[in-house]
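Participant: need a structure here:
(one chain, ligands or ions: 1)
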Amino acid sequence: MTASHSTPQTTEPSNPNEPIGDYRMVDRSKLSKMYQHYVEVKEKYPHALLLYRVGDFFETFFQDAVVVSRELELVLTSKHGGEVGRVRMTGVPHHAWERYTTLLVEKGYAVVICDQVEDASEAVGLVRREVTRILTPGTLLEEGMLQSSRNNYLAAVVIAGDYWGLAYADISTGEFLTTQGSNSEHLTQELMRLQPAEVLVPTNAPDLRSLLRPGERSEHLPECLPPSFCYSLRSQIPFSQGEARARLLQKFKVRSLEGLGCEHLALAVRAAGGLLEYLEETQKENSIPLQTLRTYTLTDFLIIDHQTRRNLEITQTVRDGTFIGSLLWALDKTSTPMGSRALRRWLLQPLLEIKGIRARQDTIQELVDNNSLRQDLRQLLRQIYDIERLTGRAGSGTANARDLLALADSLSRLPQIANLVASTRSPFLKALQKVPPGMEELAQNIRIHIVESPPLHIKEGGLIRSGVDALLDERRAIVEDDQKWIANLEVDERARTGVSNLKVGFNKTFGYYIGISRTKADQVPSNYIRKQTLVNEERYITPELKEREARILTARDDLNQLEYEIFVALREEVGTQAEVIRNISRAIAAADVLCGLAELAIYQGYCRPSMVEGREITIIDGRHPVVEKSLPSGFFVPNSTQLGSRELGVGSSEKENSPDSPLPTPHSPDLVILTGPNASGKSCYLRQVGLIQLMAQIGSFVPAREAQLGVCDRIFTRVGAVDDLATGQSTFMVEMNETANILNHATSKSLVLLDEIGRGTATFDGLSIAWAVAEYLAEEIRSRTIFATHYHELNELASLLPNVANYQVTVKELPDQIIFLHQVQPGGADKSYGIEAGRLAGLPKVVIQRARQVMGQIEKHSKIALGLQNLE
Ligand SMILES: Nc1ncnc2c1ncn2[C@@H]1O[C@H](COP(=O)(O)OP(=O)(O)OP(=O)(O)O)[C@@H](O)[C@H]1O
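Facilitator: Residues are numbered from 1 along each chain as shown. Next comes the predicted model:
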């Protein structure tokens, strides 16, 4: 957090009666004891908001009160702070701290919780308070603060010249990975893929430990880091090679980093070590059960850059950034939060290896073929809670009794799942055939210890069953005995005194008492001691009653403490099994994703694509998985695609299509020029091809009748044109930058989808660039490309280059309307419908006629192909 929001611009009040808004301006010795302690803690965490427990509230004071009241729209008030007078104050009820903290963390603040750690009624002097939790956007564990369907990543970057290291972890699930690279653009892209909640950056900034909220800039932040994330500025020391390496060796109890795959990746090591140090600092009490660090390389996966992810609307729509309408939305039929998170990860990191893809396909196939297996498995999976995160909370000491019960409940379903998949053959189902030893016992142990519906709080008793701990039973018996004695007291005393309306009650100030109406006061026995006089009633105690009361209260506290200790021991036992449970949860997640994809394949009529070596992309009757869902059944017009099956270097000798080829093109081209009127379906077709390829590479079945697909190394898209106001770049410059990126990085194994190039400039400039780009892609790079355009002149390319073909989206022209058939067919559109659209829109006849004359004139002089041939 920058000084600007931990220390808002509160000019000190000129009026001395105004409450004080800045703790740095006061004479400490004049603060009352509690505020002195508050300031002491605050100084340790100047960049976080400090929530300080006072009675039933968490209160914030001074500048934090101003920020919290502004951000949470709470009343800003003041409180007496000692000799200094009144200080600014805002508070939230203690039981609602999680809700309010979530809002603050979402807004990019770090929050420190300073709680009471002793019973206020027993405290001698100031109640003892300690920092019990530090929450930053990237270090959340609480269920209410996390989205179940996505990971919450904490990342760390180290940049050295052109080289960089990146580590990331999700402490709620235990993932911990690291990588390094040599092009800062790749770092940006990887961060955009991860969408981390917080990024740690080592700097030599003076305000170390400050947290920059999204959009805030700092001169200490390297240029290549996208401004849309929260950045924590950290000291360089823990990110130094020596410290970072030592920390990793110690954490994973290894002698060398060879086994983790990063011994020789200095920057990856530095990033990972720096990240660990941050966790140690912020999670003091809680030792986070992280999985062993894994090293990965960006090129291990299909590369989809940020623009393409956006254009293909993989996790959110372009128009309004919503999840509904995205590919993930259309594909997510998972039954568990782990599955849902895994599907998102798979979609953002599709595979490159056919073997891995086929393993997933085989599993889907088995689940498609076996309806009852699929349905029963889905049914069981629905009963599995988020064991990945529950385990994280158990291991880090934040789980409550309900969490452990949920975990036990899920673990006890594992044998049923194992039984169900006992005779399956595919890899991801076989992984569930064996329940690791100890899991059933663990589940049983939790169930034996914890009552059926335990309270939310773990320090207030009522968690542990009777019969599991002798000492606990003994103490319970004492309390119960005394409680029984008190319960009987009313009856006994009524008989003894003859006062029929005598009653035994309890209140917070006096504890247990005997109440007698004032009219009967003369019948009170001599051992009664009067404690309180009300209008109609006198209240008494007796020495014996007080003795019992004292016993009950201490025994109850002891009891609660003992229950808490038994619970913590149980939780620690679960924590020691974290790795095993995490492995199970990974297997469950993968099976869940595949089960959902199988369900989808059946209900949406998807086919299993045949994954082939080479560059072929053949899709027969493909559909757009999201658009088809938004149209009434049967309305979506399927279209076929055939690209790249020709071997490179074959020259112009054209391979004829097979007789039942869906598209009777003379050959299967590398580049297709796609023309057609506005709104005929060009963009939809383009995206459909990209999405089918991507789906195939996560191992999913695809929306098509049949498909034969070679693996792509990258998918590029250039779609539409939007001014990038943030960077002040014009539409045309954005378009050119994106195009340059494609031409510089695409290979013959890439899939390139271009929707309009060159429209943001003068027609001839635009057309010339579009022509040259298409030519370069087809001739030099030979990527598989679909190029949608309104420049019909590009159709001439097909007559010059053997690996270029023309497709068009057809329409039917009636005298007063154009009917969109949404059908993609070979051949270039022989006319532009722009003038026709103008006519239908009601432009005056003379204008239309004139437009046709001008058009004829332009066409006469623009035989590009002919002209270029003459040039050569
Ligand atoms: N194959 C199809 N079957 C049914 N409807 C379709 C199909 N393709 C597209 N559509 C519908 O047509 C609409 C327009 O499609 P799209 O945006 O792809 O057109 P376009 O040719 O790219 O237009 P423009 O040139 O203006 O960008 C889509 O919103 C969709 O509802």
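
Participant: which residues sit against stretch 94-107?
Facilitator: Contact partners of stretch 94-107, identified using C-beta atoms under 8 Å, 6 or more residues apart in numbering, comprise 49, 51, 53, 56-58, 68, 71-72, 92, 111, 113, 135-137, 140, 142, 144-145, 213. C-beta: built from backbone N, CA, C; applies to glycine.

Participant: How about stretch 448-460?
Facilitator: 400-402, 404-405, 408, 462-465, 468, 560, 564, 566-567, 570.

Participant: Repeat that for stretch 312-331.
Facilitator: Counting by C-beta under 8 Å, 6+ apart, 304, 309-311, 343-344, 347-348, 596-597, 600, 625-626, 629-630, 687, 690-691, 694-695, 700, 715, 717, 720 sit against stretch 312-331.

Participant: before we move on, what about stretch 563-583?
Facilitator: Residues contacting stretch 563-583 (C-beta under 8 Å, 6+ apart): 173-174, 289, 291, 387-388, 391-392, 394-397, 399, 401, 404, 407, 411, 436, 438-439, 442, 445-446, 449-450, 458-459, 461-464, 468-469, 472.

Participant: 7 Å instead, please
Facilitator: Applying C-beta atoms under 7 Å, 6 or more residues apart in numbering, the contact partners of stretch 563-583 are 174, 289, 291, 387-388, 391, 394-395, 397, 399, 401, 404, 407, 436, 438, 442, 446, 449, 458-459, 461, 463-464, 469, 472.

Participant: Next step: the contacts of stretch 312-331 restricted to helices.
Facilitator: Taking DSSP state H as the definition of helices, those contribute 309-311, 343-344, 347-348, 596-597, 600, 629-630, 687, 690-691, 694-695.

Participant: ok, of the residues you listed, which come out buried?
Facilitator: For the ones in helices among the contacts of stretch 312-331, burial is judged from neighbour counts taken by 16 or more other C-beta atoms under 10 Å, and it is met by 309-311, 343-344, 347-348, 596-597, 600, 687, 690-691, 694-695.

Participant: right, and out of those, which lies closest to the ligand?
Facilitator: R687 (7.8 Å; C-beta to the nearest ligand atom).

Participant: Quick check, that closest one in contact with H624.
Facilitator: Yes: using C-beta atoms under 7 Å, R687 is in contact with H624, at 6.3 Å.

Participant: Please give me every residue in contact with the residue nearest to S680 when sequence neighbours are not counted.
Facilitator: Spatial nearest neighbour of S680, chain neighbours left out: V809 (4.0 Å); criterion: C-beta to C-beta, 6 or more residues apart in numbering. Residues near V809 by C-beta under 7 Å, 6+ apart: 676, 680-682, 685, 822-824.

Participant: rerun at 8 Å
Facilitator: Contacts for V809 (C-beta under 8 Å, 6+ apart) come out as 674-677, 680-682, 685, 820-824, 829.

Participant: Quick check: nearest residue in space to the residue of the stretch 151-300 of the chain found nearest the ligand, chain neighbours excluded?
Facilitator: Relative to the ligand, the nearest point of the stretch 151-300 of the chain is M192 (25.0 Å; C-beta to the nearest ligand atom). Spatial nearest neighbour of M192, excluding adjacent residues (C-beta to C-beta, 6+ apart): H306 at 4.0 Å.

Participant: Mind pulling up the pLDDT for the one you found?
Facilitator: pLDDT recorded at H306 is 88.

Participant: count of neighbours near it?
Facilitator: 14 (other C-beta atoms under 10 Å).

Participant: give the contact list for it.
Facilitator: Taking C-beta under 8 Å, 6+ apart as the test, what H306 contacts is 188-189, 192-193.

Participant: gap between it and S228?
Facilitator: 11 Å (C-beta to C-beta, to the nearest Å).

Participant: same question, P427
Facilitator: 38 Å.

Participant: And these two? Which one has more around it.
Facilitator: P427 (16 against 11).

Participant: rewinding a little: could you tell me which of the contacts of stretch 94-107 count as buried?
Facilitator: Of the contacts of stretch 94-107, these count as buried by 16+ other C-beta under 10 Å: 49, 51, 53, 57-58, 68, 71-72, 92, 111, 113, 135-137, 140, 142, 145, 213.

Participant: Tell me which of the residues you listed fall in helices.
Facilitator: Per DSSP H, those map to helices at 68, 71-72.

Participant: can I get those in TSV with pLDDT?
Facilitator: TSV is the format used below for those (pLDDT from 0 to 100):
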residue	pLDDT
V68	94
E71	92
L72	92
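
Participant: Which member of the residues you listed is positioned nearest the ligand?
Facilitator: Nearest member of those to the ligand, counting by C-beta to the nearest ligand atom, is E71, at 40.1 Å.
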